[in-house]
Structures are given as structure tokens and as C-alpha cells.
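Enquirer: sharing a model that was predicted from the sequence below.
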Amino acid sequence: MPPVVTGRAAGSFPRGVLLKRHPALIERVGRATPYPPDRRAALGELLRDTSETGRIAPLDPDARDAGRWREWGAPRYEGRLWTDVPFLWAESFFYRELLNAVGYFGPGPWRGIDPFAPSKRAELAGASTDSEMAALERLPTSEAERDAALLNSSLWGNRADLGFRLSAGDAGLGERVTGLVSDDSARLWEALGSGGAGPVCLVADNAGPELLPDLVLADRLLRTGRASSVVLHLKPYPYYVSDATTADALACLERLSAGPPAAAGAGQRLRRDVTEGRLVLRAHPFSCAPLAYAEMPDDLRDDFASAKVTLMKGDLNYRRLVGDRLWPATTPFAEATSYFPGPVAALRTLKSDVVTGLTPQTLRRLDESEGSDGSAASWRTSGTHALVQFSAGG
Ligand SMILES: O=P(O)(O)OC[C@@]1(O)O[C@H](CO)[C@@H](O)[C@@H]1O
């Protein structure tokens with residue numbers, strides 16, 4: 001197996017996330033909500049812990065989730081530098097620590113208050129969400145083009161990632177590069193269209209402008225008889241800033257339902273689907289685990305095994321799907337996901353170093369177009385490139 005990604009290397013993408021993005025996020029969370037002194041003190045402590053010399057604090061043995069985090073590897077990493085441990089583990093634990101600091105898991109009045117809600121709310125209420133919904137009025141009339149347009153919106157919706165924007169800065173995201181670095185969408189549609197209606201798992205990523213087109217895609221799969229049900233996997237608690245929780249999914253359904261006619265139609269149908277069990281919302285604890293999907297528990301494996309296709313949205317799910325490892329980029333996607341219990345597709349904009357399934361020609365072209373200087377090429381991390389990959393599994 002290739003080495004696990006860590007933030008050890010100077011100038012690396014993970015190091016920047018751990019030592020720059022995370023402290024900036026703590027400050028932003030502290031500005032967005034008027035937390036009381038004890039919560040501010042806890043945020044201050046976390047800020048010190050996430051400095052270059054800061055270390056991962058030991059778990060409070062009385063914390064409700066201490067057992068789970070022990071199982072997920074905390075004893076191995078406590079007391080270590082954030083940049084020394086697997087990047088995936090460090091990032092996930094950071095979000096747990098941030099929620100802990102603001103009292104999200106506590107018994108007090110801050111229990112269940114999403115620290116990212118102010119930015120999620122603003123984004124969902126914003127003009128870009130209006131234009132996303134308005135675009136649904138102008139979908140192509142041909143069925144195949146309509147499919148392609150909705151898949152494309154769901155794919156590029158993955159740029160709507162508030163954690164990523166924190167690093168991208170005010171300059172915003174770079175221009176999208178059209179032409180996917182890897183495109184299995186024809187095989188994906190074939191799998192979705194064959195064998196009659198069956199359950200489809202949609203493993204969601206970001207709320208708002210990403211979840212909205214994901215829901216519209218779910219509506220399309222249900223209405224065209226490709227899916228008998230859509231099982232939407234959400235996060236059990238706020239995570240990676242804008243990852244979608246059940247509350248976010250409900251807010252999205254409400255926003256859709258109040259939109260222009262095509263959006264409203266989808267929103268109303270999907271609300272009915274929830275009440276009648278065709279759109280099933282799940283928030284499995286493993287969805288916030290700091291581990292690869294290869295280590296998923298049996299009940300989640302059964303869910304994916306029974307799906308006609310599992311659609312994995314976004315960068316983090318991709319990292320977890322193939323394992324957060326420095327794969328040679330030409331490693332076949334099917335090889336990296338061979339453990340997966342059924343057909344699986346990844347819809348992802350590239351926002352971290354990990355990638356598989358590229359042809360040698362594509363890899364060469366991408367590296368040359370960057371004038372590679374030996375550091376991680378920015379096409380891997382800038383969110384300007386995207387892929388659709390599919391493996392029939394088994
Ligand atoms: O999963 P998403 O929302 O597409 O992306 C998550 C992300 O912003 O966070 C990680 C770094 O913090 C990267 O995997 C990626 O850049």
C-alpha cells in the first residue's frame with residue numbers, strides 16, 4: 001500500500017490545512033457567534049493546540065464519544081503533533097475538538113448549536129442559490145441531455161465547500177476547467193439505467209449549493225424509474241464546515257419548495273418522498289469517522305451492498321473511498337476501491353493530493369500544464385478540475 005498522507009512535508013497541502021486553515025476557522029467561528037467566556041476560553045485553547053508546535057490533546061475519558069474515538073485510534077495519536085499523524089485522522093479529530101470547544105456535545109445550552117450555521121444560512125439564502133434554482137427552468141428537453149446537465153450540476157456543486165473557500169481567499173475559486181480528468185459517466189448512466197429500479201445510495205457532501213443539485217439529481221433518479229428509493233447519507237454532526245446534516249437537508253428541501261416552478265416541483269415531490277420512505281435520510285456515526293471506507297462497519301457495508309449504485313460526493317468522500325494515500329495517479333480506480341461491496345461512483349472536484357484512475361497521457365498533460373516544480377501540482381488541490389469515476393465492483 002502507498003504511504004498515508006500526513007502534513008509533515010513543508011509547503012504541503014495538508015500542512016497548510018492543519019496549520020493555516022484550521023486556526024483561521026477557529027477565529028471565524030469565534031466571530032460568527034457570541035459565545036460566552038468559557039466557550040471562548042476553550043476555543044483559545046484549541047487555537048494554541050493547533051499552532052505549529054501544538055499537540056493533540058488527550059480525550060476526556062468522561063466524554064460521551066470517548067469510547068468511539070478510542071476505537072478510532074485516539075490513543076495512538078494523543079500527544080503527537082497534528083502534522084505527524086494521518087491527515088484524515090487529524091482533520092476529523094479537529095472538527096470533533098472544535099465542536100467540543102463550542103459545547104456542541106455538552107449538556108448545556110450550546111448543545112446542538114451548529115457553529116457553521118451562520119455561513120451555511122447565508123449561502124443557502126444567497127443569490128447563487130437563486131440562480132441555481134432558476135437554471136432548472138431552462139433544462140434541455142432531450143432526456144439524455146437533461147441527465148447530463150443534472151449530473152454535471154451535482155458534480156460541480158462540489159465547489160461549494162466553505163472550508164475550501166477559507167483557503168481560496170477573497171480571490172475566490174479558479175475558473176473551472178471543462179473536460180473531466182477522468183470521465184466514466186457513460187458507464188455510470190448505464191449502471192443506473194439497467195436492471196430495473198433499485199435503491200441508490202447518495203453519500204452527500206456539502207450543504208446548500210451542493211446538496212441542492214444532489215437532491216434534484218435524486219428526484220430525477222426516482223422519477224425516471226432508475227431508483228426505487230434514494231438513501232441520502234448525511235453527517236450526524238457539523239463537519240468540515242459545510243458538510244450537510246439532517247437539518248441542512250431539511251433547509252434545502254424548504255428552499256427548493258419555495259423556489260421557481262421547476263425547483264418547487266422537485267422540492268415538493270422530495271418532501272413527499274421523505275414522508276413515504278422513498279427518500280431515506282441516514283446519519284451514520286461512521287460518516288464522521290477519521291477512517292477510510294475500507295474500515296466501514298457491517299451495517300453500513302450492508303447498506304452499500306444492497307444499493308444498485310452508491311454515489312460518493314466530494315473530495316473527502318473520495319479520500320475515504322480510495323484511502324487517503326499517495327497512490328500513483330494511474331492506479332486504476334477499480335483497484336483502489338476493490339473492497340467496496342457494490343457498484344460505486346465518485347463525483348468530485350479535486351481539492352486534495354489524492355487521485356487515482358488517470359491515464360498516463362492525462363497525468364502528463366496536467367503536470368506539464370502546471371510547469372511542475374516538484375511540489376504538489378495545483379490541479380490536484382485547486383478545485384478547478386473534476387472527475388466522474390465508476391467501478392462496477394465485485
Ligand atoms: O469533501 P469536500 O467538501 O469536497 O472537500 C473537503 C476539503 O475542503 O477538505 C479537505 C481539506 O481540508 C480536502 O479534502 C478538501 O479540500
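Expert: Cool, got the structure.
Enquirer: where does the stretch 201-350 of the chain come near the ligand, residue by residue?
Expert: Applying CB under 6 Å from any ligand atom, we find that the stretch 201-350 of the chain lies next to the ligand at D205, N206, Y240, G314, D315, L316, R319. (Glycine included, C-beta is placed from N, CA and C.)
Enquirer: for the residues you listed, could you give me CSV that also reports secondary structure?
Expert: Listed next are these as CSV, based on DSSP: H, G, I helix; E, B strand; the rest coil:
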residue, secondary structure
D205, coil
N206, strand
Y240, coil
G314, helix
D315, helix
L316, helix
R319, helix
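Enquirer: the protein: strands as residue ranges?
Expert: For the chain, applying DSSP state E gives strands covering 182-183, 198-203, 227-233, 279-282, 309-313, 344-349, 386-391.
Enquirer: got TSV for those strands, with mean neighbour count too?
Expert: Below are the strands of the chain laid out as TSV (neighbours: other CB atoms under 10 Å):
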stretch	mean neighbour count
strand 182-183	18
strand 198-203	22
strand 227-233	22
strand 279-282	18
strand 309-313	26
strand 344-349	28
strand 386-391	25
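Enquirer: so which of those strands gets nearest F164?
Expert: strand 344-349 (8.9 Å; CB to CB).
Enquirer: follow-up on the earlier one: would CSV of the strands of the chain with distance to A41 and mean pLDDT be doable?
Expert: Supplementary listing: the strands of the chain in CSV, determined by distance: least, CB to CB, whole Å; pLDDT from 0 to 100:
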stretch, distance to A41, mean pLDDT
strand 182-183, 47, 98
strand 198-203, 36, 98
strand 227-233, 35, 98
strand 279-282, 36, 98
strand 309-313, 36, 98
strand 344-349, 37, 98
strand 386-391, 42, 98
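Enquirer: so which of these comes closest to P23?
Expert: strand 344-349 (24.6 Å).
Enquirer: thinking again about what came up before, export the strands of the chain as CSV, with columns for distance to E145.
Expert: Below are these laid out as CSV (distance: least, CB to CB, whole Å):
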stretch, distance to E145
strand 182-183, 16
strand 198-203, 21
strand 227-233, 20
strand 279-282, 25
strand 309-313, 20
strand 344-349, 18
strand 386-391, 16
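Enquirer: show me the helices in the stretch 201-350 of the chain, by range?
Expert: 211-223, 246-257, 261-276, 298-305, 314-322, 333-336 (DSSP state H, counting those that start in this stretch).
Enquirer: as a markdown table, those helices with mean pLDDT and distance to L19 would be great.
Expert: Shown next, in a markdown table, are the helices of the stretch 201-350 of the chain (pLDDT from 0 to 100; distance: least, CB to CB, whole Å):
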| stretch | mean pLDDT | distance to L19 |
| --- | --- | --- |
| helix 211-223 | 98 | 30 |
| helix 246-257 | 98 | 28 |
| helix 261-276 | 98 | 41 |
| helix 298-305 | 97 | 32 |
| helix 314-322 | 98 | 19 |
| helix 333-336 | 98 | 28 |
